[in-house]
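Participant: Please find the sequence and the predicted model below.
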Amino acid sequence: MSALVDGVVRGEAATLLVEGEAGIGKSVLVRRAIELAGDAGVVVFRGDARPFERTRPFGAIARALDLRVRSSDPRRASIGRMLAGDGAAVEDKAVPSAGARYRVVEEIVDLVETTCARAPALMVLEDLHWADESTLVTFRSMAHELSHVPLLLVGSLRPSPRSTELDQLVDESLLSAARLIRLESLAPGEVDTLVQAQLGLPPGALLSSIVAKAAGNPLWVVEIVRSLTTEGWLRRGPALAEAIADELPDSLHDLVVRRLRYLPAAALDLLRITAVLGDAVSVHDLAAVAGRSAVEVVSQLDEAFRARLLDEHADALVFRHQLVHDAIYQDVPQPVRRALHRDAAGILARTGADLLQVAGHLVRGAAPGDLEAVSWLRQAAREATAATPSVAVELLRRAMALLPAGHEDADLLAVELVEALQRAGMVAEASDLAEAVLGRAHRDDIDVPLRLALVSALSLQNRTSELIQHAEAALVQAPGLPAAEQALVLVQASYGRTFSGDFTGGEVTARRALDLAGRADGRAMTVWSLGAMSVAVKTQGRYGEALELTQRAVALAFDPLDSEARLRHPHFFLAMALSDSDLIDDARRTYQLAVDECEQLGSSWLLPDILLLSAELRFLAGEWGDAVTELESGLDLAQEHGQRISVAQSRAYQALMAAAKGDDQGASAALTDVESELTNDAPCYGAEVVAVACSTLAEARGEPGKAFQLLLRFWEYDSEREIRYYHRYLGPSLVRLGLALDRRDVACRVTAGVEAGAALAPEVPTVQSAALRCRGLVGNDPELLVEAVELARRSPRLLDHTGACEDAAAVLTATGQPAKAKELLAEAQARYEAVDAGAWAARTAAGLRRLGVRQGSRGQRHRPSSGWESLTPNELAVCRLVAEGLTNREVARRLYVSPHTVNTHLRHVFQKLSVSTRTELAGLVARSSTLR
């Protein structure tokens, strides 16, 4: 423990998990960490999760950081208001998600990082096995995102109970080099030492046999010794302490209960009420529920304090240990417990207590048919929905269980639960419930909201065929649907058609949505319709039209600013259109705006796609160092949010970069999870790029036939659906391989298709270049291929440029023009070397050797693996800003990237520069001539 505290003082980050059974000594170890940290001048935050507060979002972390509306610190008060549902992220009702919780988590992470920028900190969260989901998500985020700040993150937990979320936290922490201490039971000799420490004398034989009942549990050992002392069954001799009787119970629970018989009746009754209220209870709440004055409460519990059953912490009465609380709570008969919980809920509600606190008692105490409890649970769920929708789900499920069968509010409650499920990310369950209710007799007034919710849930799951079916049904079966809501349904249906491969249908549907949105004067729906139409249009190869549509959407959302229209993220769609049109610099700036807006709005559902498509742009433009970082951070976030739309093509880009460096093993590993798309009857979005990556690997291994078949399958699949988006990826390679394999018929057919697509986008240089490459290869025409190179040079797109150079060089060589061929091969080689694509650079070098060029030793052409020269431009920028003392979020705002991307950049920087703290990095920056 001392080493960890010393490390955080030096500026290092660390995560420690302490696991052990109740009473085994976790709290003792944690207290030692707190003492050491305090002595070292480390700022200490401590919070504990509580078993009765799982319906209280961010409970432990809020206590640790004092996140209250009335906090004296404005930053903490602001987060406190967000937790209370005031000032949370603006909600996108068309795409319900856990965005508000994401915003709260990000604010908490930034608060902790800001604190660590001033002084090293220790964050202790105890009893994580009781923690609500939001606290666990925050712990994981701090461990992942603050791995380069002076923060020692400590969590204690029992082996059970263990939720899925806690298992995930433990697994991820261990994979990220967290330390895990598993506390085991004391050995017999250690038990004797503990007894001697309690009594001042070593134990005799009988006493040793009695404490052996504790099975090495330190708390139980101490309780046995205290009980023997209280009962008068302990005799102290000159050399030993010995028991004179062995009549104690065989469990700690029974031992604690036995001690209760010595309490006065009034104290015992009050202690049981205290146990029902929780393991940490305010005197005010206890007095209200018990119907006594605060003075009476304190007086009557005096014996419980004397018996060391209770203690005090801040302004609360706390049980000395969770096991003590559990024993007393379980000793109350279950029917009595339920009644006490229900009474407590009613009294606390009438005294103005937090509805989530009231709900916690209702979950444990309300009986079926309790309509008042149902009403309170629904109110509490509405409060929880914005910041912690998973809590709202739990409360609404309980409310449904309490509602009598056939009650008139059952359908209304079902709609509320569907919406909460969607916001909690449980979209499959949301759609199942919505379909079940719509499939039976239901209230007329819930039909439309439920159909809209179902369409949204199916869209989030990318269940395209069902989405289209239910969208059309919603329009037919709800004829009175307002125009704006009809537009909403049609936009979702447009995406369904587009991502199922029906791009013309997607375009037609988006046009219907656009017309309705215009009639309803709905600017937000108009913006969303334009975005949907741009995706369908660009996939058909009409890039100029897609650009016009997205520019119009941005103008509608921002000139003047329309807050609801802004939620449709028009800059994201514009960035895609700019990238597709070879306007790379403009696309880069627009993606930066999209990332910044996504962070501001808390749109967690879209952020993975923005990061991954921004990474795609860097890959295409030959900025591979930064592409690696952004792909890594984007894929991590996509996994965290369950967002898979852009995953396949992103894995393919990773594979292509690995293949270019000659790392076939790394390329194959990147494709492991997505290679199945090659044989899928309905391949996912971006599967064409997977085919390109696999084809590239096959050709490098000397399997041109396999490479050809992979590309041909997807060319034919796309041709049937009028998909022209991937012509630049598939066409030239397929023509080259077709000619090499004596499949001229295929080469000619592909060439005609690429040329037809190019006619739709005369303004896009690389689209025109691809068409000229295909025609030049088929016709063995060097002039067309040289022209293709000239067009490709107008765009930063790396592989379009190098591919055109290599194709042209091959035909120039075949037609007796080696001098020009040498120039173009050298041009391609230079670009490959600039991105450290050693294997592909070697391919061009081999071509040059065949032409008689002897390059000799060219020296190091790849980026070094360590030192300042190994850093990418963005990594250097991050170094400069971190050295100025900026936090990850502040750096992200300066660079218009996500804090997640900054964190990944830092992880790479620390590895390349062999530093472990931001302080070390700042020192290196100050001494470096590179950054001056």
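Facilitator: Now that the structure is in, tell me what you want to look at.

Participant: which of the residues in the helix or strand bottoming out on mean pLDDT in the chain are buried?
Facilitator: Least confident helix or strand of the chain, by mean pLDDT, DSSP states H and E, is helix 252-260 with a mean of 78. Residues of helix 252-260 classed as buried: 252, 253, 255, 256, 258, 259, 260 (neighbour count, 16 or more other C-beta atoms under 10 Å). Every C-beta, even on glycine, is put in place using the N, C-alpha and C of the backbone.

Participant: ok, now stretch 880-887?
Facilitator: 881, 882, 883, 886, 887.

Participant: and that stretch, C-alpha only, in CSV?
Facilitator: In CSV, the C-alpha atoms belonging to stretch 880-887 read as follows (Å, rounded to 0.1, in the frame of the first residue of the first chain):
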residue,chain,number,x,y,z
ARG,A,880,2.5,20.5,-25.6
LEU,A,881,-0.9,21.1,-24.1
VAL,A,882,-0.5,18.5,-21.3
ALA,A,883,2.8,20.2,-20.5
GLU,A,884,0.8,23.5,-20.0
GLY,A,885,-1.2,21.7,-17.3
LEU,A,886,-4.4,21.2,-19.3
THR,A,887,-6.7,18.3,-18.5
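
Participant: now it, how far from the chain's geometric center?
Facilitator: 25 Å (C-alpha atoms, centre = their mean, to the nearest Å).

Participant: how much space is there between residue 590 and residue 169?
Facilitator: 36 Å (C-beta to C-beta, to the nearest Å).

Participant: Quick one: low-confidence residue ranges for this structure.
Facilitator: Applying pLDDT under 70 to the chain flags the ranges 85-99, 248, 602, 856-863, 930-932.

Participant: what residue is smack in the middle of it?
Facilitator: For the chain, residue 640 is the residue whose C-alpha lies nearest the centre (C-alpha atoms, centre = their mean; 3.3 Å).

Participant: That one and residue 165, how far apart?
Facilitator: Applying C-beta to C-beta to residue 640 and residue 165 gives a distance of 12 Å.

Participant: before we move on, what about residue 197?
Facilitator: Distance from residue 197 to residue 165, by C-beta to C-beta: 38 Å.

Participant: on that earlier part again, the least confident helix or strand of the chain packs against which elements?
Facilitator: helix 218-231, helix 322-331 (3 or more C-beta pairs under 8 Å, 6 or more residues apart in numbering; DSSP states H and E).

Participant: CA-only coordinates of the first one in PDB, if you can.
Facilitator: The reference is to helix 218-231. What follows is helix 218-231, C-alpha atoms only, in PDB (Å, rounded to 0.1, in the frame of the first residue of the first chain):
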ATOM      1  CA  PRO A 218     -11.200 -11.200  11.900                       C
ATOM      2  CA  LEU A 219     -14.500  -9.500  12.700                       C
ATOM      3  CA  TRP A 220     -16.100 -12.600  14.000                       C
ATOM      4  CA  VAL A 221     -13.000 -13.300  16.200                       C
ATOM      5  CA  VAL A 222     -13.300  -9.900  17.700                       C
ATOM      6  CA  GLU A 223     -17.000 -10.300  18.300                       C
ATOM      7  CA  ILE A 224     -16.500 -13.700  20.000                       C
ATOM      8  CA  VAL A 225     -13.900 -12.100  22.300                       C
ATOM      9  CA  ARG A 226     -16.200  -9.200  23.200                       C
ATOM     10  CA  SER A 227     -19.200 -11.500  23.800                       C
ATOM     11  CA  LEU A 228     -17.200 -13.700  26.100                       C
ATOM     12  CA  THR A 229     -16.100 -10.600  28.000                       C
ATOM     13  CA  THR A 230     -19.700  -9.300  28.200                       C
ATOM     14  CA  GLU A 231     -21.000 -12.700  29.300                       C
END
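
Participant: Next, the buried residues of it.
Facilitator: Neighbour-count burial for helix 218-231 [16+ other C-beta under 10 Å]: 218, 219, 220, 221, 222, 223, 224, 225, 226, 227, 228, 231.

Participant: Remind me which helix or strand the residue nearest to the centre of the chain belongs to.
Facilitator: helix 624-641 (DSSP states H and E).

Participant: List of residues touching that helix?
Facilitator: 144, 425, 604-605, 607-609, 611-612, 614-616, 618-619, 643-644, 646-647, 650-651, 653-654, 657, 835-837, 863, 872-875, 897-898, 900-901, 903-905, 908 (C-beta atoms under 8 Å, 6 or more residues apart in numbering).

Participant: let's see it at 6 Å
Facilitator: Residues outside helix 624-641 that contact it (C-beta atoms under 6 Å, 6 or more residues apart in numbering): 604, 608, 611-612, 614-615, 618-619, 647, 650, 654, 657, 835, 872, 874, 900-901, 904-905.
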